[in-house]
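Engineer: 3D model of this:
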Amino acid sequence: MSKHELPPSIARELFDYRDGLLLWRPRARTCFSDDRSYAVWNKRFAGKPAGYLHRVRSGVRRRVALTMNGKTVRVYHATAVWAWHKNEWPSSLVDHEDGNTMNDRIGNLRDVSSAKNSQNMRMHPGNKSGVTGVCWHKQRGKWKVEIMANRVKKHIGVFDNLEDAIAARKAAEIALGFHPNHGRNSHVQG
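Structural biologist: You can find the predicted model right below:
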């Protein structure tokens, strides 16, 4: 089952929103088979942050479980925040503009394609030049500049000094519509 089989309004039914967090709303007695389950659930969860932490390749993200009519779908917390605010599921991916996957404030989220999302990535931890797409070409003794756009790697050129290489890379990012945060050192968790 996918999230699209659930109405996006389920986010407003299940959660309240405050400062980038979804909090469980109290549930009605009709949602439970007995009084004890009703009392225990509301005491344990109502008003508390929804979801759990989930480790992904890009760091740590929150996930939440949405349940309706006995069907459960797990989605990223940011996706549920998007549905809560927009009353629609995102058409593609929810990108965190600042790169912090734990910052789910609606002003930090945008609905983007996979290609656009890849234009707002942090710098690879193994990067030695300090700029994404710029590396030392040992055989030539120069700085080599490349950029990947729409799954195609483009060679920009080789440069004698690092400053010229950086300028060429930044110009290519602007020309191809990369997000200004692309190539940041890292995203801060928490």
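
Engineer: okay, now the unreliable bits of this protein?
Structural biologist: Applying pLDDT under 70 to the chain flags residues 1-4, 58, 186-190.

Engineer: ok, and what's touching the longest strand along it?
Structural biologist: Scanning the chain for the longest strand, with DSSP state E as the assignment, gives strand 59-68. Strand 59-68 is touched from outside by 3, 6, 10-11, 14-15, 22, 50-54, 72-78, 80, 101-102, 104, 187, 189, with contacts defined as Cβ atoms under 8 Å, 6 or more residues apart in numbering. To be clear about C-beta, it is placed using only N, CA and C from the backbone, and glycine gets the same treatment.

Engineer: which residues does M68 bridge with?
Structural biologist: Beta-bridge partners for M68, by DSSP bridges, are K71.

Engineer: which residues in this structure form strands?
Structural biologist: Counting by DSSP E, the strands of the chain are 15-18, 21-24, 52-56, 59-68, 71-76, 93-96, 109-112, 134-137, 142-149, 152-159.

Engineer: out of the ones you listed, which gets nearest to K86?
Structural biologist: Closest approach to K86 among the strands of the chain (Cβ to Cβ): strand 109-112, 8.2 Å.

Engineer: can you pull the buried residues of the closest one?
Structural biologist: 109-112 (16 or more other Cβ atoms under 10 Å).

Engineer: on that earlier part again, out of the strands of the chain, which is the most enclosed?
Structural biologist: Burial of those is given as mean neighbour count (mean count of other Cβ atoms under 10 Å); strand 93-96 ranks first at a mean of 21.

Engineer: what lines up beside it in the sheet?
Structural biologist: In the sheet, strand 93-96 lines up with strand 109-112 (antiparallel) (DSSP bridges).

Engineer: now do the strand it pairs with: distance to the chain's middle.
Structural biologist: 8 Å (Cα atoms, centre = their mean, to the nearest Å).

Engineer: now the angle from the top helix by length along the chain to strand 142-149?
Structural biologist: Longest helix in the chain by number of residues (criterion: DSSP state H): helix 162-175. With axes from the mean of the first three to the mean of the last three Cα atoms, to 10 degrees defining the directions, helix 162-175 sits at 10 degrees from strand 142-149.

Engineer: ok now helix 162-175, how far from the chain's centre?
Structural biologist: 26 Å.

Engineer: only the buried residues of it, if you could.
Structural biologist: 165-166, 168-170, 172-173.

Engineer: looking at those, which is nearest N120?
Structural biologist: Among the buried residues of helix 162-175, and counting by Cβ to Cβ, the member closest to N120 is E173, at 10.7 Å.

Engineer: surely the closest one is in contact with I147?
Structural biologist: Yes. Using Cβ atoms under 8 Å, E173 is in contact with I147, at 6.9 Å.

Engineer: show me what contacts S118?
Structural biologist: Taking Cβ under 8 Å, 6+ apart, one finds M148 in contact with S118.
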